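J.: Coordinates only, no sequence provided:
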């Protein structure tokens, strides 16, 4: 398998969709917390030890609380077993009659793809925001490690939903308390990412 991060059809689809489907299956069965491992399927070095095939741990939990719509919180890091890991918290409204219907599948796949790209960027901690903004949200969204991850996430979401990427990005940012100029600056960056961090880890 060859990797082309600029291919608009690439978003770690096999893994992202597989994990999303596992989560959907769990929720349908009433399971609110689960963890598992998946084989890393891409020729991208995500660990320093090359003597064994890499695994990625993943877990999710459903949290029911006083919110109006479903939200998904996610992070990437290392598990207790020192494997790359993605963790998801799915925040559900208490009044949701059917939790599975309240969950947006394309957004779920997009969030997972976003976090998988962070796994691929194993040296991303070396990269920091270089702009002039003092707004912490702008500094986060324009971090060189976040720009490509958000691009991959929205690429995945829109590949499934059929949405326009720019419109989906603006809809997401409309809830973040940003000015119009800040929003457009972020969208422009997200639509035109550099993939140098993950590209440095491709195994040739």
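T.: On my side now, so go ahead. What you see is a predicted model, and the numbers here were worked out from it, not measured in a lab.
J.: so is the most centrally placed residue in the chain in a helix, a strand, or just coil?
T.: Central residue check for the chain by Cα atoms, centre = their mean: the C-alpha nearest the mean position is that of residue 114, 2.0 Å away. With DSSP: H, G, I helix; E, B strand; the rest coil as the basis, residue 114 sits in helix.
J.: what do you get for residue 74?
T.: With three-state DSSP as the basis, residue 74 sits in strand.
J.: How much space separates the residue nearest to the centre of the chain from residue 58?
T.: For residue 114, the distance to residue 58 (Cβ to Cβ, to the nearest Å) stands at 13 Å. C-betas here are computed from N, CA, C, even on glycine.
J.: hmm, who's touching the helix or strand of the chain with the lowest mean pLDDT?
T.: Sorted by mean pLDDT, DSSP states H and E, the helices and strands of the chain end with helix 99-102, the least confident at a mean of 71. Outside helix 99-102, the residues that touch it by Cβ atoms under 8 Å, 6 or more residues apart in numbering are 24, 27-28, 62, 69-70, 92-93, 96.
J.: Run through the residues that contact the residue nearest to the centre of the chain.
T.: Taking Cβ under 8 Å, 6+ apart, we find residue 114 in contact with 74, 149-150, 152-153, 156.
J.: want to throw those into CSV with secondary structure?
T.: Putting the contacts of residue 114 into CSV (three-state DSSP) gives the following:
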residue, secondary structure
74, strand
149, helix
150, helix
152, helix
153, helix
156, helix
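J.: Any regions of this protein where pLDDT drops low?
T.: By pLDDT under 70, the weakly predicted segments of the chain are 49-53, 96-99.
J.: so what's the residue nearest to residue 3 when sequence neighbours are not counted up against?
T.: Nearest non-adjacent residue to residue 3, counting by Cβ to Cβ, 6 or more residues apart in numbering: residue 202, 5.5 Å away. Contacts for residue 202 (Cβ under 8 Å, 6+ apart) come out as 3, 43-45.
J.: Got a quick PyMOL command for the buried subset of these?
T.: Of these, the buried ones go into a single PyMOL selection, burial set by 16 or more other Cβ atoms under 10 Å:
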select buried, resi 3+44+45
